[in-house]
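can't give you the sequence, but here's the structure:
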């Protein structure tokens, strides 16, 4: 199996000569019905409004073979050390179930390891929710606060917000979850000012056990806890850790219990490991988290499909690559028509930009093509009243990734002017897709919409835990496939190192560095 | 005074031939000290790490004259109908104080009008905060909920989050503010599930009084209120409106009181009008809102300066235009190192992208140059653990707009490993600016940072109400100046109309439109 640069592929050369499909002219009913691919749990990827024709699809299929995309995915699943820079396996898919043979790394059956941690989380979270594990002053836990940053924050936070309403609407208990991430001390102050410490459980998340922001925030929280002087209060009974077995947090007496991950779960891919598992199981119930894993696992299975038209994540990846490398479009907007997904774009921003924002290939050689796009987005209809003006009439084309659901989560709705809110929401989504695609002529040029502003749509019946899991894995696998297409290592992040080194230097007085000294003086 | 297209300007032709300054090679202490411009309230704009030399600055000055930038600003301030598309004056600066002569439009002294509404808000909000205006069951108001979308949501929400901590840290009362914006019914359900209606005041914000999302959400809230069957509860005593005098909401019996704006306050510029004024004065106190206005007014004054080096917003606008139109950079990341500014980038996203995301000039003629960039961002240090990888090592250069403060708001902080959290926060900011600017060589190409990733920095002592006002107006005026540079009408938004028309069509059964019908079937 060869790892080739994008521009060395015959299929890419072919692809770069194919004209984009004219959506404005060619969009019709049969195209909309035909250009749909199912992912897991009836999550449907529709791409009729993308500049893609049968010719493109054929080349995508050739490309799949030429760059061995499915083989590379299988190799990743099998535990190969595909994260070459750090010499690590990449096993996040294994946290939601096994797809191929047993994976043994470092002499350990990794599937068993993740499963065992999951079972420990199931037990612990159930006891917390049933009031069998309580705080040091015998109060039941009513709030859970995750202290973590990056992947220990964005994914779990986005998923919690996405499912909280659903769980409540099912009449099930939600333990209120909060998140502290930023080293800005105001972040801690803002979160803890309203909580009752006696009924609060903190979840400290750091794989290495050395993340500066997270440890500092833990100490800041401990400091406040001490100053409260609550009789009989023992801070160590109010904190658990999610970390690696070898980290300084693993055997700390400061925590009630610790749940483990390992080096093979990258931060941005850790939502389905103990990093997301602990807080989501405590806040929303293990049952909810378990369904999320099931949806993700089914999406992972779908991604094994050799046929591009039966592999939603792969097709999405191809279209994104075509937009980036042939049509030279620099960014993608993610636009969920669901308020519950308000922070999902922020999670995808990390997932995508940290994975594929690279300038060298997996061997460290400079490459001569563009890699990961800018990802940004806000929920619709809010975005319509904000940045959509530029999307419709600005001077650049920005591809759009819409997400929508037939039903709301709470299903509390009324008819106003002949339609429910959910109907209005989806009418707006429908309208936007068509408006972007076909545009509008007008004698007043200020009212002209050029059209051919490309979009895709991911839809399902309702944003349930399973659908959310499928959606999460869809994007993880899309990013993985694009990394293979671009011949990148999508699993390291050397670009964050220099800032860390220089920040330490500043904290040590800048060591005579003129530039650091000058900027420090401003701050 | 002539309005000329960018590419018709001699100064722009000159500018497009000037080489970018090599920041990586040329950054030093004296440049950092010299390349700073003060805006109001000691808000400093530093641009040493932008690719700008003395030669650029001289041309900026020529351009200012050639395109009559300050004259155009004065013309706007004087009440001229500079929003040509809608034949409207643009008067948001007048909501925070008068800078030139009295402005009379439609026979009304507009300064007096805005001031009178502000005084009414002062009186009303003071009474609410002092418990002199209470709910229908005699409970004091403890929560205020804004129902509005777009400019009636993003700006007020961002400003509330930015100042809540500051007001608390001053030992002053904060009335908890919440926001309902999305027509997604789950947005309403999520916000109202935790509130006590008897002590809640709703603020309904719609200039026209006809915004679909806002009226639907009002009706949904009223529906829930009715179903609660609280004895003696009168919903109309729990809602005020912010609208125009002629709107259906102005004299509605459904509201306790109404505060007025007019057609000359665009949604995205309305934070300093009654749209932001009502909720911010109720939640944080009139005194706080008044200081915000003062800071904005001083920033507006600064923007009158003919000298580019004494006009921070104008200089920022010029550098942005140079990056966009000469260096062809498509986006800008806004990165505040302050958790309190967590939603400020979302506000700027609307402000900038809705104002300048245009493809025709103010006369409706097609233009041959790029206009407004994509704006996105998240607070540091969070972003460092997310998308900074791409900013450092991706294949595109993304200019960065940093914001930072010497002191935190709560000033609750501890020393961990020899430094406070605030020191760590700012050490990271310092480190990032330098890392992006000068990069790092390495024998391992995966660890190479190219440098010359451009940034600017806005700093002040602390994020106070005055500083926030100055910051808000800085960006408003930056966007305005860029609109003048590009010869756009920055104050209309025709790009949002088509979607509205089509959404109505969908709600009416699609009227036989094949494309709308096909997509409706998916949703």
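Done, it's in. These figures come from a predicted structure and were not determined experimentally.

my read: residue A:353 touches residue B:385, true?
No - with contact defined as C-beta atoms under 8 Å, residue A:353 does not reach residue B:385; the gap is 11.6 Å. C-beta: built from backbone N, CA, C; applies to glycine.

and the strands in the stretch 251-400 of chain A?
When secondary structure is read from DSSP state E, counting those that start in this stretch, the stretch 251-400 of chain A shows strands at A:257-261, A:331-336, A:374-376, A:400-405.

relative to chain B, which of the ones you listed is closest?
With distances scored as C-beta to the nearest C-beta, the stretch of these nearest to chain B is strand A:374-376 (3.7 Å).

tell me how far stretch A:125-145 lies from the chain's centre.
Stretch A:125-145 sits 29 Å away from the centroid of its parent chain (C-alpha atoms, centre = their mean, to the nearest Å).

endpoint to endpoint, that stretch covers what distance?
14 Å (C-alpha to C-alpha, to the nearest Å).

out of the strands of the stretch 251-400 of chain A, which comes closest to residue B:41?
The minimum distance between residue B:41 and the strands of the stretch 251-400 of chain A falls on strand A:374-376, with 30.1 Å, by C-beta to C-beta.

state the mean pLDDT of that closest one.
If you average the pLDDT over strand A:374-376, you get 98.

so which elements touch the helix or strand hosting residue A:498?
When elements are defined using DSSP states H and E, residue A:498 is found to belong to helix A:497-507. For helix A:497-507, the elements it packs on are helix A:514-522, helix B:388-393, helix B:421-438, judged by 3 or more C-beta pairs under 8 Å, 6 or more residues apart in numbering or on different chains; DSSP states H and E.

what would those helices look like in a markdown table with mean pLDDT?
As requested, the helices and strands packed on helix A:497-507 are arranged in a markdown table below (pLDDT from 0 to 100):
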| stretch | mean pLDDT |
| --- | --- |
| helix A:514-522 | 95 |
| helix B:388-393 | 98 |
| helix B:421-438 | 97 |
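
now these in TSV, with mean neighbour count and distance to residue B:312?
TSV is the format used below for the helices and strands packed on helix A:497-507 (neighbours: other C-beta atoms under 10 Å in any protein chain shown; distance: least, C-beta to C-beta, whole Å):
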stretch	mean neighbour count	distance to residue B:312
helix A:514-522	20	14
helix B:388-393	27	24
helix B:421-438	27	18
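
could you export these as JSON lines, including distance to residue B:363?
Formatted as JSON lines, the entries for these read as follows, by distance: least, C-beta to C-beta, whole Å:
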{"stretch": "helix A:514-522", "distance to residue B:363": "43"}
{"stretch": "helix B:388-393", "distance to residue B:363": "37"}
{"stretch": "helix B:421-438", "distance to residue B:363": "39"}
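
so which of these comes closest to residue A:415?
Go through the helices and strands packed on helix A:497-507 one by one with C-beta to C-beta and the one that ends up closest to residue A:415 is helix B:388-393, at 45.1 Å.

counting contacts, what elements does the closest one pack onto?
If you count contacts as 3+ C-beta pairs under 8 Å, 6+ apart, helix B:388-393 packs onto helix A:344-356, helix A:497-507, helix B:421-438.

can you tell me how far residue A:184 is from residue A:228?
Taking C-beta to C-beta, to the nearest Å as the measure, residue A:184 falls 22 Å from residue A:228.

neighbour-wise, which of these two wins?
Under the neighbour definition other C-beta atoms under 10 Å in any protein chain shown, residue A:184 and residue A:228 were set side by side, and residue A:184 has more, 33 against 10.

chain neighbours aside, what residue packs nearest to residue A:14?
The shortest distance from residue A:14 to any residue other than its chain neighbours is 5.3 Å, reached at residue A:59 (C-beta to C-beta, 6 or more residues apart in numbering or on different chains).

can you give the contact residues for stretch A:128-145?
Among residues not part of stretch A:128-145, those counted as contacts by C-beta atoms under 8 Å, 6 or more residues apart in numbering or on different chains are A:124, A:126-127, A:173, A:175-180, A:191-192, A:195-196, A:198-203, A:230-235, A:237-238, A:256, A:279, A:282-283, A:285.

hang on, residue A:33 packs against residue B:518?
Yes - A contact is recorded between residue A:33 and residue B:518 when judged using C-beta under 8 Å, the distance being 6.7 Å.

residue contacts, the residue nearest to residue A:14?
Contacts were defined as C-beta under 8 Å, 6+ apart; by that measure residue A:59 touches A:11, A:14-15, A:18.

and which of the residues you listed is nearest residue A:101?
For the contacts of residue A:59, the minimum distance to residue A:101 (C-beta to C-beta) is 29.8 Å, reached by residue A:11.

just checking, that closest one is part of a helix?
Yes - using DSSP: H, G, I helix; E, B strand; the rest coil, the secondary structure at residue A:11 is a helix.

can you tell me how far the residue nearest to it when sequence neighbours are not counted sits from chain B?
Spatial nearest neighbour of residue A:11, chain neighbours left out: residue A:63 (3.9 Å); criterion: C-beta to C-beta, 6+ apart. Noted for residue A:63: a distance of 20 Å to chain B, by C-beta to the nearest C-beta, to the nearest Å.

I'd like the distance between residue A:63 and residue A:12.
On the measure of C-beta to C-beta, residue A:63 and residue A:12 end up 7 Å apart.

ok so, going back, format the strands of the stretch 251-400 of chain A as CSV; extra columns: mean neighbour count.
Written out in CSV, the entries for the strands of the stretch 251-400 of chain A read as follows (neighbours: other C-beta atoms under 10 Å in any protein chain shown):
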stretch, mean neighbour count
strand A:257-261, 21
strand A:331-336, 25
strand A:374-376, 26
strand A:400-405, 24
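
need these in TSV (columns: distance to residue A:320).
TSV is the format used below for the strands of the stretch 251-400 of chain A (distance: least, C-beta to C-beta, whole Å):
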stretch	distance to residue A:320
strand A:257-261	29
strand A:331-336	7
strand A:374-376	10
strand A:400-405	9
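
which strand or helix spans the residue nearest to residue A:11?
Residue A:63 is part of helix A:54-66, with elements assigned from DSSP H and E.
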